[in-house]
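A.B. asks: Sequence and predicted structure below; questions after.
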Amino acid sequence: MLFIFAFAQFYLTAQNEFDKYGMAGSQVFTDLKEAIKIEKKVYKMNLSYKAIDMKAYDKLHKLSDLQALKLSSNNLTQFPKNFESLYNLQYFASYNNAFTSFPPNLKPFFNLYYLDLQHTKIDSIPAQIAYLNKLQTLRFGNTDDTLKLPTTFKFLKNLKELSIENCVLDSFPKQLFKAPSLQFLSLSNTNTFYLTKHFERFKSLEVLIIENNRLEKLPFEIYMAKKLRILSLRGNKLQDIPDSISELLELTILDLRGNFISKERVEELKCLLPGCEIKF
């Protein structure tokens, strides 16, 4: 039941994001062949759960006005020919398609604000991600494989939301600390067992979710993320939380469920954080 609820929440969130992008009031096309016949002024397309004719798929580049594209469960393994011609894309999402890599040329996608790739066979995010300088949201996950991150996250000046789940990261990737505008960071089931101490770089971070990992210690320097409002450490191996957390004056939710912190320590934390709801 919990899985069904979580899936429903994920689907609704993804749908709401899709609705935000593209020309306001424009038709959402669900038939690729029909859209190619029209070609111009096709701004939004949702091909979820559609069987796709591969000849039509390789003509997708003709829809140069396309701003929002969603794929889901289409039995796709590669991007179509001349995919880079869709330079007006603001939103792109793919779920349950076995892509093995990102598009070979990301430079033309300078208008992209939202990118979501789930259940692919991609094992690395390329350095070219830096070309997406308008990107605000990046969601990636459910590969159940090792994921390699580039050092170029620091060039994503407008990245506000980053979510990585159900991928293997050997440690907390220091690259993420260099994304200057992050407000939301979620790492769930990523094999994370260590956090570096440079929280002073998270000047805008409001939500930090490190769930279902192997984290044994929260750094003393956590207090340097001054704008943190929500901190979820659910499902780790923590035995204590540093007193420095009391300096997070805007913290309203601290989720410690599924750890090894004693009830006595939780009561102490409640005194240190009088305006914060502590879930235990």
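C.D. replies: Right, received. Where do you want to start?
A.B. asks: Flag the shaky bits of the protein, pLDDT-wise.
C.D. replies: The model of the chain has pLDDT under 70 over residues 1-15, 170-172.
A.B. asks: quick one: the strands in the protein?
C.D. replies: Assigned by DSSP state E, the chain shows strands spanning 28-29, 44-46, 68-72, 91-95, 114-118, 137-141, 161-165, 184-188, 207-211, 230-232, 253-255, 277-279.
A.B. asks: contacts for the first one?
C.D. replies: If I follow you right, that is strand 28-29. Contacts of strand 28-29 with the rest of the structure, by Cβ atoms under 8 Å, 6 or more residues apart in numbering, involve Ala35, Val42, Lys44, Met45, Asn46. Any C-beta I mention is one placed from the backbone N, CA and C, and that applies to glycine too.
A.B. asks: Which two among those are spaced furthest apart?
C.D. replies: Val42 and Asn46 (11.8 Å; Cβ to Cβ).
A.B. asks: more crowded one of these two?
C.D. replies: Of the pair Val42 and Asn46, Val42 is the one with more neighbours under other Cβ atoms under 10 Å, namely 24 against 17.
A.B. asks: which ones are touching the more buried one?
C.D. replies: Phe29, Ala35, Leu63, Asp65, Leu66.
A.B. asks: if I look at it, how far off is Asp255?
C.D. replies: Look at Val42 and Asp255: by Cβ to Cβ, to the nearest Å, they are 43 Å apart.
A.B. asks: again with Leu135
C.D. replies: Plainly put, Leu135 is 28 Å away from Asp255 if you go by Cβ to Cβ.
A.B. asks: related to what we said a few turns ago, can you redo the strands of the chain as a markdown table with distance to Gln175?
C.D. replies: Below are these laid out as a markdown table (distance: least, Cβ to Cβ, whole Å):
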| stretch | distance to Gln175 |
| --- | --- |
| strand 28-29 | 35 |
| strand 44-46 | 32 |
| strand 68-72 | 27 |
| strand 91-95 | 22 |
| strand 114-118 | 17 |
| strand 137-141 | 12 |
| strand 161-165 | 10 |
| strand 184-188 | 12 |
| strand 207-211 | 16 |
| strand 230-232 | 21 |
| strand 253-255 | 25 |
| strand 277-279 | 29 |
